[in-house]
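S.K.: Fold the following and give me the result.
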Amino acid sequence: MMRLNSTGFAILGAGLIAISFGLARFAFGLFVPPIRDELGLSSYVIGISPSPSWPCSG
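M.R.: As a prediction, this is how the structure comes out:
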């Protein structure tokens, strides 16, 4: 088995984080209609709500 150096480990970790964020954003999209209906939120509010975390994910 090949050992990872620190750069390879960092790249692997960044890739796993990117995949996790992508899956979380996809899952959020699946739950938007029930959330919007239950809380009576507009499309604008439901779209702007995850925006504050966007600068942290990139």
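
S.K.: which residues touch Val32?
M.R.: The contact partners of Val32, by CB atoms under 8 Å, 6 or more residues apart in numbering, come to Ile46. All C-beta atoms are positioned from the backbone trio N, CA, C, and that covers glycine.

S.K.: Can you give me the pLDDT of it?
M.R.: On the pLDDT scale, Val32 is placed at 86.

S.K.: ok, it to Ala24 distance?
M.R.: Per CB to CB, to the nearest Å, Val32 is found 13 Å from Ala24.

S.K.: Repeat that for Ser6.
M.R.: From Ser6 to Ala24 the distance is 27 Å (CB to CB).

S.K.: Same drill for these two, tell me which one is more crowded.
M.R.: Applying other CB atoms under 10 Å to Ser6 and Ala24 shows that Ala24 carries more neighbours, namely 13 against 7.

S.K.: Can you tell me the element the more buried one falls in?
M.R.: helix 6-39 (DSSP states H and E).

S.K.: Buried ones in that helix, by neighbour count?
M.R.: By neighbour count on 16 or more other CB atoms under 10 Å, the buried set for helix 6-39 is empty.

S.K.: Tell me the helix or strand right after that helix.
M.R.: Counting by DSSP H and E, what follows helix 6-39 is helix 43-48.
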